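Participant: generate a structure from the sequence data that follows.
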Amino acid sequence: MKFHHLFFIFCCLMVVMVACHKDPTGPDEPQYSDAEMIALDLLETSGWDMEDWVAGKKYIPKTLPLFNREVLSGDIVHYSFQVPAGTGLNDVIGIHRVVKEKNEGKPIKTKTNIFLQHGDVKDFTGMFLNGVRTPHIEDDFGIAIYLARNDIDVWGIDQNWALVPQSETNFSYMKDWGMENQAKNLRFALEIAHLARIFTGCGNNTLNLLGYSSGVLTGYAVLNEEAVLPKNKRVIGGWIPVDCAFKCDDPLWKEVYLGFYDYYKSLWDAGTYADIDPFPIFGQPARDDPDAPSANIEGLTNLQAALAVSALPSAPLTYHYFAGVMDNEMPIDFKYVSIDEALDFMIDSVPYEATRFEVDYCATISDAVDVPWDDNLFLITVPVFNVAAAGGFGAVSTFTPTLLGSTDRQNLLIRLEAVGEEALDFAHIDLFLSHNAESLVWTPILNWLQAH
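Facilitator: Residues are numbered from 1 along each chain as shown. As a prediction, this is how the structure comes out:
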């Protein structure tokens, strides 16, 4: 027998011995995945009722950092905590649950669920619990509270870049926080929520995922990954992309996003790995000294500058953040939110965003370069409810669902102005902040969830 044959047999024996080796902590000590351990930690820390078979697990719990429970309104409660997403500096994600409680610390058991992924410049609370940290928005306003009141179990994530503190000055660790990093974080959070629901008797239903704005791209990237997994390994059962494109068939939009790609790529190539959020730069001066000359847009006051960046379309597109009331082609107010509410939203933003993520999502929309997270779109078969604002991404958002293998595809386009008036129409942030968002957007989402 040749020596290399003997060596091969020796290696095989070693693999078998390692596989059969028991952990020295005990002869029957189970081994858990990271998501299982965190879900078990969450149950221990929160005090939620767990299934008998879970209570019997041999596991030594740890205290979750920054765990918090707050009553939002009546019997609606917000749980939040943070978990490591990697080994690098500030590489943590936030996980949230907004749920109705039957008694203090005892969430209802419901099969109907949703998991929310925020977009640019926001974290979970700032996007989906709009009134919690803001002085002029009602405390109980937000889609997460609305859905929880209607017996939906609401979960969500803060991406790692959304938790980087304002005081940070060295962003080198954010260099590779691109699409693959964001998708990894999102799937990890989805697994934790899925297991926590199973462990507390809510059933083993997969989760309905909602992604908003750039969160749409993160959601599609996870779905693309899950499409080639066995069905019993998937955690997403329904998909609600809200007001963004993943792939695009409109030459004008692709050209614009190609320009964005070149800009963000130049920043990243130059070593700028964190992009500063512009909203507070306009929102805070407008709140503090509205009539003073703007340092950001020459010839305008601070308030006029904030109105301009919020309501004027991003030429040559008709995309804008809030529908504006115009006077001589300049916004003087908003149609569906108050000025104070809009300024609250702008000011309550995260300080930084990962430049690599911006590079990657602009590359995806524009097809600037080939990316690996769009290879399996035709294998995605989950039901899809695509939601968009006519003054946001509008009809451009409807193209990607046609590339999927899903047979259950629905579109909701919120249009309040005539065709051709998209620059004045219901807009990107109106979807979650406007006074009519509940009737126009949130209720259709609720109806879709209950039907699926």
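Participant: what about the strands in this protein?
Facilitator: For the chain, strands defined by DSSP state E occupy the ranges 68-73, 76-84, 92-103, 106-107, 113-117, 153-158, 207-212, 236-242, 274-276, 324-327, 330-334, 352-354, 384-389, 409-414.
Participant: against which helices or strands is the fourth one packed?
Facilitator: The elements that strand 106-107 packs onto, with contact taken as 3 or more Cβ pairs under 8 Å, 6 or more residues apart in numbering; DSSP states H and E, are strand 92-103. All C-beta atoms are positioned from the backbone trio N, CA, C, and that covers glycine.
Participant: what strands line up against the strand it packs on, and which way round?
Facilitator: strand 76-84 (antiparallel), strand 106-107 (antiparallel), strand 153-158 (antiparallel) (DSSP bridges).
Participant: turn those into JSON lines, columns for mean neighbour count, mean pLDDT and distance to residue 135.
Facilitator: Listed next are those as JSON lines, based on neighbours: other Cβ atoms under 10 Å; pLDDT from 0 to 100; distance: least, Cβ to Cβ, whole Å:
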{"stretch": "strand 76-84", "mean neighbour count": "20", "mean pLDDT": "96", "distance to residue 135": "18"}
{"stretch": "strand 106-107", "mean neighbour count": "18", "mean pLDDT": "96", "distance to residue 135": "29"}
{"stretch": "strand 153-158", "mean neighbour count": "26", "mean pLDDT": "98", "distance to residue 135": "22"}
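Participant: same list (those) but as a markdown table, adding distance to residue 264.
Facilitator: Below are the strands paired with strand 92-103 laid out as a markdown table (distance: least, Cβ to Cβ, whole Å):
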| stretch | distance to residue 264 |
| --- | --- |
| strand 76-84 | 27 |
| strand 106-107 | 40 |
| strand 153-158 | 22 |
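Participant: what is the orientation angle of the top helix by length along the chain with strand 153-158?
Facilitator: Assignment by DSSP state H gives helix 179-199 as the longest helix of the chain. Using axes from the mean of the first three to the mean of the last three Cα atoms, to 10 degrees, one finds that helix 179-199 and strand 153-158 are set 150 degrees apart in direction.
Participant: for helix 179-199, packing partners?
Facilitator: helix 34-46, strand 92-103, strand 113-117, strand 153-158, strand 207-212, helix 214-226, helix 355-366.
Participant: can you tell which of those is closest to residue 265?
Facilitator: Closest approach to residue 265 among these is made by helix 355-366 (5.2 Å; Cβ to Cβ).
Participant: which outside residues touch that closest one?
Facilitator: Here helix 355-366 makes contact (Cβ atoms under 8 Å, 6 or more residues apart in numbering) with 120, 161, 174-182, 214, 217, 245-248, 253-255, 257-258, 260-261, 264-265, 267-268, 272-275, 368-369, 371, 373-374.
Participant: contacting residues around the spatially closest residue to residue 394 that is not a sequence neighbour?
Facilitator: In space, and not counting its chain neighbours, residue 394 is closest to residue 388: 5.5 Å by Cβ to Cβ, 6 or more residues apart in numbering. The neighbours of residue 388, taking Cβ under 8 Å, 6+ apart as the test, are 242-243, 394-398, 411-414.
Participant: ends of stretch 411-422, what's the gap?
Facilitator: This stretch, stretch 411-422, spans 17 Å end to end (Cα to Cα, to the nearest Å).
Participant: shouldn't residue 128 be in contact with residue 117?
Facilitator: No. Residue 128 is beyond contact range of residue 117, at 9.8 Å (criterion: Cβ atoms under 8 Å).
Participant: residue 259 and residue 40: what is the separation?
Facilitator: Residue 259 sits 47 Å away from residue 40, taking Cβ to Cβ, to the nearest Å as the criterion.
Participant: neighbour count for these two, which is higher?
Facilitator: residue 40 (21 against 13; other Cβ atoms under 10 Å).
Participant: re earlier: okay, the longest helix of the chain in CSV with CA atoms only?
Facilitator: What follows is helix 179-199, C-alpha atoms only, in CSV (Å, rounded to 0.1, in the frame of the first residue of the first chain):
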residue,chain,number,x,y,z
MET,A,179,-24.2,44.3,0.7
GLU,A,180,-23.0,40.8,1.7
ASN,A,181,-22.3,42.1,5.3
GLN,A,182,-25.8,43.7,5.4
ALA,A,183,-27.5,40.5,4.1
LYS,A,184,-25.6,38.4,6.6
ASN,A,185,-26.7,40.6,9.5
LEU,A,186,-30.3,40.6,8.3
ARG,A,187,-30.5,36.8,7.9
PHE,A,188,-28.9,36.3,11.4
ALA,A,189,-31.6,38.6,12.9
LEU,A,190,-34.3,36.8,11.0
GLU,A,191,-33.1,33.4,12.4
ILE,A,192,-33.1,34.8,16.0
ALA,A,193,-36.7,36.1,15.6
HIS,A,194,-37.8,32.9,13.9
LEU,A,195,-36.4,30.7,16.7
ALA,A,196,-37.7,33.0,19.5
ARG,A,197,-41.2,32.7,18.1
ILE,A,198,-40.9,28.9,17.9
PHE,A,199,-39.5,28.7,21.4
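Participant: quick one: buried residues of it?
Facilitator: Residues of helix 179-199 classed as buried: 179-199 (neighbour count, 16 or more other Cβ atoms under 10 Å).
Participant: ok and it relative to strand 236-242, angle-wise?
Facilitator: Going by the same axes, to 10 degrees, helix 179-199 makes 130 degrees with strand 236-242.
Participant: for the spatially most central residue of the chain, what are its contacts?
Facilitator: Among the residues of the chain, the one closest to the centroid is residue 117, at 1.6 Å (Cα atoms, centre = their mean). Residues in contact with residue 117 (Cβ under 8 Å, 6+ apart) are 156-157, 186, 209-212, 215, 218-219.
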